[in-house]
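In: sharing a model prediction with you, sequence too.
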Amino acid sequence: DNLPTPPGPPSLPVMGNVHYIPQHAAWIEFNKMREKYGDMLYFHTFGRSIVVLNSARAAHDLLDKKSSIYSHRPYFAMTHDEWALPIMDYGEKFKRHRRYLEEYFRKRRLPDYHATQMREVHRTLYDMLEDPENYQIHFKRLAGGITMMMSYGHEVKSKDDEFIQIAEKGVATIDAAGAVGAHIVDFFPWLRHVPDWMPGAGFKRLPPGTSEDMHAFVNRPFEEVLKKMAEGTETPCYCTALLEDTKGEDNDGVRDTAAITFAAGFDTTYSALMTALIAMVRNPVIQARAQAEMDLVVGKDRLPTFEDRVHLTYLQCIVMEALRWGATTPVGVAHRLCEDDVYGGFHLPKDSMIIANAYAMLYDPKGRTPQPDPRGPAFGFGRRVCPGKDIAENNIWISIASLFYAFKVSPAVDKNGKEIPIDSAFAEHSIRHPKPFRCRIKPRRENSRALIQQAAWSKGVMLGSL
Ligand code: HEM
């Protein structure tokens, strides 16, 4: 048919209009273009096209409702290194890897992880009590510690943990930004044959030596699990359970999916925790209200547990708002349309790269009652929706509940005792983070210290925490 492609900035002959794709924080600029061009933006060059979806409706209508044709990933060069699910194209291996993760992180299984989550969070409370200045390090250890325990049964006692170091290096080589968020900043190199901004393409630019880091990251923790299983000293975890299920027929799949839970879950969770913290530091009234709700539901003599969750509706709103305001993965990971399609009277060409602008959806100024659920845009769409979304939400929930139950957080003060104003700007990377800020984290009540010490002591996480 002769339907037009969606609107977008004006095109040059041959070159098309990709030069209008902003180099920095593209999601913000795409959002501005929305006023002029609407919910869909179209960019093209040399016969290739990119469609940006600026509204939750468009993303839902296409990526969710027509997921059978919108769940591929754009082409990129490093296919031989396809161990990482987020960049894997649709196909048998993709389905197998997703099945593993969905099976082990499905809703029904979530209670299996509660003990690990509580233990790691209580360890973090203790770290915060002893060394509140370094809260960022404790959040990092927490985000990494939960994943390492769930995936490998490995206990992360300090930030200097061997596997965390390996993993951080490994994730850095994937270019964390590229692994879970599309690297739009580097959009132009895409014209040089390979979409450099695509997750995985970062491998190409690695400085010498880092492919060893990547290899170590994917292999070392897994090998340790195998070794422990051989000795009979393993801790039950994702790897041990899945190795048993798959009976040695897909050890690579177990290894790769375990590694991706770390790569995809570490920085994102850390960012969400930082977002919740800065939000509470800046909004003392809201913080106090959440604490009053917890005092009512939890009482004053114990720390919160997952059982309290259904009663803590105000706190749940804070978690939702952190997911919204944080827009941790502002453009998620790009999808690819695998056949021609029509939407809203426009022609969407086969093989278009589809970018869901989650940022635009989460920052949509049009007020609605009730507010739309931020989890849709925050965790992605269709058959590619984040398989860790429920476990991620639980990680964030128990962390936030416990932290604000035990501590009062407020802006840092200067030497005259005056509060230092906090700049709540975000670093606009493809995994967004609040920019570093200083704050005070103080036990909230007289017995807070004792409650934390008791919890940390009973779980044996008191020593070697720092
Ligand atoms: C706040 C935390 C998190 C956020 C905001 C987040 C967000 C996302 C988003 C937006 C996507 C892309 C979805 C799409 O293509 O439409 C994604 C994919 C993915 N996430 Fe998460 N995620 C988080 C935590 C986690 C955790 C804890 C895990 C591990 C259990 C995880 C594992 C994955 C995997 C494996 C994919 C690739 C799925 C695929 O390509 O089929 N994520 N995530």
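Out: The structure has been received and is ready for your questions.

In: element containing the residue of the stretch 201-350 of the chain found nearest the ligand, please.
Out: Residue of the stretch 201-350 of the chain nearest the ligand, by Cβ to the nearest ligand atom: Gly265 (2.8 Å). C-beta: built from backbone N, CA, C; applies to glycine. Per DSSP states H and E: Gly265 is located in helix 251-282.

In: return the distance of that helix from the chain's centre.
Out: Here the centre of helix 251-282 is set off from its chain's centre by 5 Å, with Cα atoms, centre = their mean, to the nearest Å.

In: need the next SSE after that helix, C-terminal direction.
Out: Past helix 251-282, the next helix or strand by DSSP H and E is helix 284-298.

In: what are the contacting residues of that next one?
Out: 279-281, 304, 308, 311-315, 318, 401, 404-405, 408-410, 444 (Cβ atoms under 8 Å, 6 or more residues apart in numbering).

In: among these, which ones are buried?
Out: Applying 16 or more other Cβ atoms under 10 Å to the contacts of helix 284-298, the neighbour count classes 279-281, 304, 308, 312, 315, 318, 401, 404-405, 408-410, 444 as buried.

In: can you tell me which of those residues end up in helices?
Out: When DSSP state H defines the helices, the subset of those inside them is 279-281, 315, 318, 401, 404-405.

In: wouldn't Asn395 be in contact with Thr269 here?
Out: Yes: between Asn395 and Thr269 a contact is recorded at 5.5 Å, counting by Cβ atoms under 8 Å.

In: kindly export the helix or strand containing Ala392 (C-alpha atoms) in CSV.
Out: Taking DSSP H and E as the definition, Ala392 sits inside helix 389-406. Output in CSV follows, covering the C-alpha atoms of helix 389-406 (Å, rounded to 0.1, in the frame of the first residue of the first chain):
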residue,chain,number,x,y,z
LYS,A,389,10.3,-7.6,37.2
ASP,A,390,8.6,-9.2,40.2
ILE,A,391,11.7,-10.2,42.0
ALA,A,392,13.1,-6.7,41.3
GLU,A,393,10.0,-5.1,42.8
ASN,A,394,10.3,-7.3,45.9
ASN,A,395,14.0,-6.5,46.3
ILE,A,396,13.2,-2.8,46.1
TRP,A,397,10.1,-3.1,48.4
ILE,A,398,11.8,-4.9,51.3
SER,A,399,14.8,-2.6,51.0
ILE,A,400,12.8,0.6,51.1
ALA,A,401,10.4,-0.6,53.8
SER,A,402,13.3,-1.8,56.1
LEU,A,403,15.5,1.3,55.5
PHE,A,404,12.8,3.9,56.2
TYR,A,405,11.4,1.9,59.1
ALA,A,406,14.8,1.9,60.8
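
In: just the angle for it relative to helix 251-282, thanks.
Out: 40 degrees (axes from the mean of the first three to the mean of the last three Cα atoms, to 10 degrees).

In: name the helices or strands packed onto helix 389-406?
Out: helix 114-130, helix 135-152, helix 251-282, helix 284-298, helix 313-326, helix 375-379, helix 448-458 (3 or more Cβ pairs under 8 Å, 6 or more residues apart in numbering; DSSP states H and E).

In: adding mean pLDDT, write these out as TSV.
Out: TSV is the format used below for the helices and strands packed on helix 389-406 (pLDDT from 0 to 100):
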stretch	mean pLDDT
helix 114-130	95
helix 135-152	93
helix 251-282	94
helix 284-298	98
helix 313-326	97
helix 375-379	96
helix 448-458	93
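
In: tell me the contacts of Asn395?
Out: 117, 143, 146, 265, 269.

In: residue contacts, the spatially most central residue of the chain?
Out: The centroid of the chain falls nearest to Thr268 when counting by Cα atoms, centre = their mean (2.9 Å). If a contact means Cβ under 8 Å, 6+ apart, then Thr268 has 180, 328-329, 392, 431 as its contacts.

In: so it versus Met294, what's the distance?
Out: Computed as Cβ to Cβ, to the nearest Å, the Thr268 to Met294 distance reads 25 Å.

In: what do you get for Gly170?
Out: 37 Å.

In: my read: Ala26 touches Tyr359, true?
Out: No: Ala26 lies out of contact with Tyr359 (Cβ under 8 Å); the separation is 9.2 Å.

In: overlap in contacts, these two.
Out: Counting by Cβ under 8 Å, 6+ apart, the residues touching both Ala26 and Tyr359 are Val331.

In: quick one: contacts of stretch 251-260?
Out: Under Cβ under 8 Å, 6+ apart, the answer for stretch 251-260 is 83-86, 93, 96-97, 100-101, 151-152, 170, 217-219, 221-222, 238-239, 242-243, 246.

In: what about 7 Å?
Out: 83-86, 96-97, 100-101, 151-152, 217-219, 222, 238-239, 242-243, 246 (Cβ atoms under 7 Å, 6 or more residues apart in numbering).

In: buried ones in it?
Out: 253-260.

In: mind checking if stretch 120-129 is in reach of the ligand?
Out: No: against the ligand, stretch 120-129 shows no contacts by Cβ under 6 Å from any ligand atom, the least distance being 13.0 Å.

In: picking up where we left off before, the residue nearest to the centre of the chain and Asn394, how far apart?
Out: Distance from Thr268 to Asn394, by Cβ to Cβ: 14 Å.

In: can you tell me the closest non-neighbouring residue to Val297?
Out: His311 (4.5 Å; Cβ to Cβ, 6 or more residues apart in numbering).

In: contact partners for Lys408?
Out: 442, 444.

In: what do you get for Tyr238?
Out: Tyr238 sits in contact with 104, 150-151, 258, where contact means Cβ under 7 Å, 6+ apart.

In: change it to 8 Å
Out: 104, 150-152, 257-258, 261.

In: for those residues, work out which two are farthest apart.
Out: Across those, the longest distance by Cβ to Cβ is 12.9 Å; it joins Tyr104 and Tyr152.

In: neighbour count: these two, which is higher?
Out: Tyr152 (26 against 23; other Cβ atoms under 10 Å).

In: quick one: that one and Cys239 touch, right?
Out: Yes: shown here, Tyr152 and Cys239 form a contact pair, counting by Cβ under 8 Å, at 5.8 Å.

In: need the residues touching each of those two.
Out: 222, 225, 258.

In: where do the contact lists of Asn395 and Thr269 overlap?
Out: Counting by Cβ under 8 Å, 6+ apart, the residues touching both Asn395 and Thr269 are 143, 146.

In: most proximal residue of the stretch 51-200 of the chain with respect to the ligand?
Out: For the stretch 51-200 of the chain, Cβ to the nearest ligand atom, closest residue to the ligand: Pro86, 3.7 Å.

In: alright, calling it a day.
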